[in-house]
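Undergrad: Turn this into a model:
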Amino acid sequence: QVQLVESGGGLVQAGGSLRLSCAASGLTFSFYPMGWFRQAPGKEREFVAGVSGDGLNRIYGESVKGRFTISRDNAKNTVYLQMNSLKVEDTAVYFCATATRWSVLKNRPEYWGQGTQVTVSS
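TA: Have a look, this model is predicted:
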């Protein structure tokens, strides 16, 4: 079965950086678009970033454009989220997700990781 395991979360000061990783198994990784989502306490889950299976197409949520970068290494079955210039409002649980098609990744991911906590202090 598909498994997604996130790592790299933690506590960082505002203005700092973190890199999240998501290791995938149980799928032909390069066939699947991958995405990152986040959910802050009391808020709905929010799309953060997505990358196509070949890595050529990337999309970002408005709140992270210019600060976050999504990338993938198909040889390692891993997707990354580089987060720079972090803000207090970036505090959330970050989830890795995937879907069978690029067109549904943003709104209807089919598989989810367990999440990793990112806390940004002021």
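
Undergrad: buried stuff in the least confident helix or strand in the chain by mean pLDDT?
TA: Lowest on mean pLDDT, DSSP states H and E among the helices and strands of the chain sits helix 102-105, with a mean of 90. Neighbour-count burial for helix 102-105 flags Trp102, Leu105 (criterion: 16 or more other Cβ atoms under 10 Å). To be clear about C-beta, it is placed using only N, CA and C from the backbone, and glycine gets the same treatment.

Undergrad: again, but for stretch 88-95
TA: Neighbour-count burial for stretch 88-95, counted by 16+ other Cβ under 10 Å, picks out Asp90, Thr91, Ala92, Val93, Tyr94, Phe95.

Undergrad: again, but for stretch 45-63
TA: Quick answer for stretch 45-63 (16+ other Cβ under 10 Å): Phe47, Val48, Ala49, Gly50, Val51, Ser52, Gly53, Gly55, Ile59, Tyr60, Gly61.

Undergrad: Need the CA coordinates for it. CSV is fine.
TA: Extracted C-alpha coordinates of stretch 45-63, given in CSV (Å, rounded to 0.1, in the frame of the first residue of the first chain):
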residue,chain,number,x,y,z
ARG,A,45,-6.4,22.2,5.7
GLU,A,46,-4.7,24.4,3.2
PHE,A,47,-2.8,23.6,0.0
VAL,A,48,0.8,24.7,0.1
ALA,A,49,2.6,23.4,-3.0
GLY,A,50,2.5,20.7,-5.6
VAL,A,51,5.0,19.2,-8.1
SER,A,52,4.3,17.0,-11.1
GLY,A,53,5.7,13.5,-11.4
ASP,A,54,8.5,14.6,-13.7
GLY,A,55,9.3,17.6,-11.6
LEU,A,56,8.7,20.1,-14.4
ASN,A,57,5.4,21.7,-13.1
ARG,A,58,5.1,23.3,-9.8
ILE,A,59,2.3,25.2,-8.1
TYR,A,60,2.1,27.1,-4.9
GLY,A,61,-0.5,28.5,-2.5
GLU,A,62,-0.6,32.3,-2.5
SER,A,63,0.5,32.6,1.1
